[in-house]
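1. got a sequence here, can you build the structure:
(chains A and B)
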2 protein chains.
Amino acid sequence: MNSTIFRERRTRLHRSIDGAIFLPGLHIAPRNYEKNGYPFRQDSHFLYFVGLSYPGLATLIRPDGTSCLYGTPQTDNDIVWEGKRPTLDALAWAGGLDDVRTMDQLESDIRDLASTGETAHYLPPYRHDILAWESALFQCSVKQIQSGFSTKLAEAVVQQRIQKSDEEVAQIEKAIAVSKQMYDRAFAAVAPGRFEYEIMGAMVGVAESNQASNAFLPIVTRHGEVLHNNRYDHMLKDGDLVLIDTGVELPPYYYGSDITRTVPANGRFSPRQQEVYDIVLDAQLRAIETATPERSNKEVHLAAAHAIVNGLKAMNLMKGDTEEAVQAGAHTLLFPHGIGHMLGLDSHDMEDLGDFVAYPNGKKPAPAPGLQNLRLGRKLEPGFVVTVEPGIYFIPELIDRWRADRKHEAFINFEEVNKFRTFGGIRIEDDIVITDTGSRVLGPPIAKSAAEIQQQMAG
Amino acid sequence: MNSTIFRERRTRLHRSIDGAIFLPGLHIAPRNYEKNGYPFRQDSHFLYFVGLSYPGLATLIRPDGTSCLYGTPQTDNDIVWEGKRPTLDALAWAGGLDDVRTMDQLESDIRDLASTGETAHYLPPYRHDILAWESALFQCSVKQIQSGFSTKLAEAVVQQRIQKSDEEVAQIEKAIAVSKQMYDRAFAAVAPGRFEYEIMGAMVGVAESNQASNAFLPIVTRHGEVLHNNRYDHMLKDGDLVLIDTGVELPPYYYGSDITRTVPANGRFSPRQQEVYDIVLDAQLRAIETATPERSNKEVHLAAAHAIVNGLKAMNLMKGDTEEAVQAGAHTLLFPHGIGHMLGLDSHDMEDLGDFVAYPNGKKPAPAPGLQNLRLGRKLEPGFVVTVEPGIYFIPELIDRWRADRKHEAFINFEEVNKFRTFGGIRIEDDIVITDTGSRVLGPPIAKSAAEIQQQMAG
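-> Residues are numbered from 1 along each chain as shown, chains lettered A, B, ... in the order given. Here you go, the predicted model:
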């Protein structure tokens, strides 16, 4: 990718918007005091349209389509503490911007725009410092900023970012290649007596040793039934399943991976574990098969749900007609989330824009039973990159509640399900790109079948 | 530490303040979209006075001295996604709080306070979301919140947190024990051809494998002359020095370590490198010797500055009278920062409170030459934990500027200094506690002399 790409992206964006566009870059987010920041992560829209991963920048696309980079030149003291950075001119050149102005000129430039009756479109801000900044720039209240974002701009951004180019897909595959190394290390490190944080640390070490950062908080847990478990303080025990859901992103473009594997702590699935594992694997493979252009992500989700219900029926955990069970949402006791989400610069790509990415008209329909947590309602198109991540989880609190409420008891054998209340959870996740004719699993293969995992863990 | 300790800390704080005290806990800071947060770090004051490391809490110490914990009970859906957390009652018990109310009651409780003529003291907020939150709670503008913090509370907090108890020192030493493992790994990993991020990744892997997190962005660089270098993309070359400045903090209390070592990429210091190294080591040892109760941190700093000037004079890089050179600030060409800072729950402990911690009356005097970057002006007292981290850096931009300006040319041999313009930088840092009679270097020893480092790297 080079400056031409960012320029072309901005030109296309500007053509679909009547007027100016303000793209704020992010600042360093303070951790426990102002000067002790979290690792800098640039805003993904800024990365996509401007390509510059430095804090304290902003871009204004003017009504005439030219783009200006705003920033603050380094002082001598900055150079002593931070080292010499590329000049603003050099950054503008790298991002293909037309000119450069200092940050203190931004406010008056936006005021000048307003005086000509123009106003700059902006996206919904998701950080408080950006809210406060835009409130000062546009001279209106924080509430007005929150409600006054440009839906037209949000739609246009989605339109551009939603289909990934070959170069973007290649970047995602580079991230998955690092994930593969991380999982290989994890498979070697998992053993009874090890702590979750030891496995997590080993994986993060591999990531950082490849210049990659976590794209989201890693999940490395013997309690896979907690969907977004971010604790790592348990010791692994013989007989445990370990669910590992991690993703990384790589400079200079910051596209990410998102992979999940579930492995037996002792290296061998028990017959019961393998039975459930094979159902999840079957569901994942069927979902991937179903993911073709023109099919909706809902169809992909339902393919997995069907496979899960059929499998659970064979295990006598569910009963009745599969189609009816899925329609009623009975499977959501054990598969309570959606099949996956868009992946790109963000792990949940463009989730900051809300439902504009998930639904073509930006309006989420009232969800059918079992589809409340489906993150993506669109038809799939070539170039979409999505995750496929079905799972089966035995969540004691949910089992108890449903059982007490006799919820969907026509489809669920609560007596049998209850025997699995300490089973944990299994999820299997890969990233796929929709092709002209179907889909392709991205990145180098990472051990996935029970046999492959056991073989690799046996060393 | 247990609930009694937190209760006693709050009681002491309340006794020194006339009125109510509001202690906000932190929320998860969004990274690239709202639901994708950075790893949660609780506010250090909240950790010190309440002891609870969960997002979304607040504490109000009432005028009568009782303390209330505010939080939001988990929904069933929260439990499915996050897992079951301790109840608010259980958290209040752990922190020794008197009662519990839900977060939506906080605003009216603060309004009720105001109606009785009371107002809650609060500390200066360093995150925008806290600013916005306090602005809503206290019904005043963000600017009013920024200027309206309680200096009395800030002073009282400093008074309590500034002297570390034996238990707190023990926590810092636990963190340093993890640092030792990290440095041992780094000494083994450093080699020509390796990238900085590989070393950093190996160290972070060790940290996370011990359930420890970076307390600040690690510095692992062949460009040690950039004081806060947070890039890791260079390949190490034969003849390079590698400066490594890292610190970690450990649950459940989150006290941190802060250690720096500088090592030769190829495992052997060149004679020239060792000459400079030994000056820095000498300066560090003299500074540690000087750090005793009743001495000021300025004296510690000046002891190091003297040692550095004497050493550089012996190398013919500086000249003239040592005392005069230091008084004039001539050494700041090569030692441009302060000797160290307070260490505790924060790496720069309580830096969010500004000069209240550095200067007893909260007022920073006009700095003498060479002392602009001295972070701590107080006299040392038993129980203070401070870093001792002198360094010598050859910063090309600074050398060129001073040389052009003929700045302090009576004390600097620019011709000779210029020969070192690609030398890089050396810093050596340990953490010490001031004792009744002197000071003690904390934690297990980490290879420090050139001989020790070379021996370990050869091993």
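
2. return the helix or strand in chain A with minimum mean pLDDT.
-> The weakest-scoring helix or strand in chain A, judged by mean pLDDT, DSSP states H and E, is helix A:355-358 (a mean of 79).

3. for the residue of the stretch 101-250 of chain A found nearest chain B, grab the count of nearby residues.
-> Closest to chain B within the stretch 101-250 of chain A is residue A:205: 1.9 Å, counting by Cβ to the nearest Cβ. The C-beta positions use only the backbone N, C-alpha and C, and glycine is treated the same way. By other Cβ atoms under 10 Å in any protein chain shown, the residues close to residue A:205 number 24.

4. what's the helix or strand for it?
-> helix A:196-209 (DSSP states H and E).

5. which residues sit against that helix?
-> A:178, A:181-183, A:185-186, A:189-190, A:213-214, A:218, A:220-222, A:231-236, A:242, A:244, A:246, A:248, B:197-198, B:200-202, B:204-211 (Cβ atoms under 8 Å, 6 or more residues apart in numbering or on different chains).

6. in which helix or strand would I find residue A:101?
-> Going by DSSP H and E, residue A:101 is in strand A:99-102.

7. who's in contact with whichever helix or strand comes after that strand?
-> Downstream of strand A:99-102, the next assigned helix or strand under DSSP H and E is helix A:106-115. Helix A:106-115 is contacted by residues A:20, A:22, A:58, A:60, A:62-63, A:68, A:70, A:101, A:119-120, A:136-139 when judged by Cβ under 8 Å, 6+ apart.

8. before we move on, what about stretch A:287-307?
-> Around stretch A:287-307, the neighbours that count as contacts under Cβ under 8 Å, 6+ apart are A:279, A:282-284, A:286, A:322-323, A:326, A:331, A:335, A:338-340, A:370-371, A:374, A:376-382, A:386, A:388, A:390, A:430, A:432, A:434-439, A:441.

9. mark which of the residues you listed are buried, thanks.
-> A:279, A:282-284, A:286, A:322, A:326, A:331, A:335, A:338-340, A:370-371, A:374, A:376-378, A:380, A:382, A:386, A:388, A:390, A:430, A:432, A:434, A:439, A:441 (16 or more other Cβ atoms under 10 Å in any protein chain shown).

10. show me what the strand holding residue A:101 pairs with in its sheet, parallel or antiparallel.
-> Note on strand A:99-102: by DSSP bridges, its sheet partners are strand A:67-71 (parallel).

11. only the buried subset of the contacts of helix A:106-115, as a PyMOL command please.
-> Here is the PyMOL command that picks out the buried ones among the contacts of helix A:106-115, judged by 16+ other Cβ under 10 Å:
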select buried, chain A and resi 20+22+58+60+62+68+70+101+120+137+138
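
12. which pair in the contacts of helix A:106-115 spans the largest distance?
-> A:63 and A:136 (21.9 Å; Cβ to Cβ).

13. was I right about residue A:6 contacting residue A:93?
-> No - contact criterion Cβ atoms under 8 Å: residue A:6 and residue A:93 do not qualify, at 11.0 Å.

14. when these two are compared, which one has more neighbours?
-> Neighbours were counted for residue A:6 and for residue A:93 using other Cβ under 10 Å; residue A:6 has more, 22 against 14.

15. quick one: residues contacting that one.
-> Residue A:6 sits next to A:49, A:50, A:51, A:95, A:96 when contact means Cβ under 8 Å, 6+ apart.

16. got it, and residue A:93?
-> residue A:3.

17. that one - that's part of a helix, no?
-> Yes - assigned with DSSP: H, G, I helix; E, B strand; the rest coil, residue A:93 falls within a helix.

18. pLDDT wise, what is it at?
-> We have a pLDDT of 97 for residue A:93.

19. distance of it from chain B?
-> 20 Å (Cβ to the nearest Cβ, to the nearest Å).

20. low-confidence ranges in chain A?
-> Confidence mapping of chain A against pLDDT under 70 gives the ranges A:362, A:365-366.

21. quick one: residue A:360 is in a helix?
-> No - residue assignment for residue A:360, taken from three-state DSSP, gives coil, which places it outside any helix.

22. could you find the closest non-adjacent residue to it?
-> Leaving aside its sequence neighbours, residue A:360 sits nearest to residue A:378 (Cβ to Cβ, 6 or more residues apart in numbering or on different chains; 5.7 Å).

23. quickly list the domain ranges of chain A.
-> A:3-161, A:166-458 (automatic domain parsing).

24. and the longest helix along chain A, how far out from the chain middle?
-> Criterion DSSP state H: the longest helix present in chain A is helix A:166-189. Relative to the centre of its chain, helix A:166-189 is centred 15 Å away, using Cα atoms, centre = their mean, to the nearest Å.

25. can I get it as CSV, trimmed to CA atoms?
-> Provided in CSV are the C-alpha atoms of helix A:166-189 (Å, rounded to 0.1, in the frame of the first residue of the first chain):
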residue,chain,number,x,y,z
ASP,A,166,-6.4,-8.6,-2.2
GLU,A,167,-3.8,-6.5,-0.4
GLU,A,168,-6.0,-6.2,2.7
VAL,A,169,-6.7,-10.0,2.7
ALA,A,170,-2.9,-10.6,2.4
GLN,A,171,-2.4,-8.4,5.5
ILE,A,172,-5.0,-10.4,7.4
GLU,A,173,-3.2,-13.6,6.4
LYS,A,174,0.1,-12.2,7.7
ALA,A,175,-1.5,-11.7,11.0
ILE,A,176,-2.9,-15.3,11.0
ALA,A,177,0.5,-16.6,10.2
VAL,A,178,1.6,-15.1,13.5
SER,A,179,-1.4,-16.6,15.2
LYS,A,180,-0.4,-19.9,13.9
GLN,A,181,3.0,-19.6,15.7
MET,A,182,1.1,-18.5,18.8
TYR,A,183,-1.2,-21.6,18.7
ASP,A,184,1.7,-23.9,18.0
ARG,A,185,3.4,-22.5,21.1
ALA,A,186,0.2,-22.8,23.2
PHE,A,187,-0.3,-26.5,22.1
ALA,A,188,3.2,-27.2,23.4
ALA,A,189,2.7,-25.2,26.6
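
26. that helix to helix B:196-209, inter-axis angle?
-> 50 degrees (axes from the mean of the first three to the mean of the last three Cα atoms, to 10 degrees).

27. buried stuff in helix A:166-189?
-> Of all the residues in helix A:166-189, those buried under the rule 16+ other Cβ under 10 Å are A:168-169, A:171-183, A:185-187, A:189.

28. what about residue A:102, how many neighbours?
-> Neighbour tally, residue A:102, other Cβ under 10 Å: 11.

29. please report how far whatever residue of the stretch 251-400 of chain A ends up closest to chain B lies from residue B:26.
-> Relative to chain B, the nearest point of the stretch 251-400 of chain A is residue A:352 (3.9 Å; Cβ to the nearest Cβ). Counting by Cβ to Cβ, to the nearest Å, the separation of residue A:352 from residue B:26 is 21 Å.
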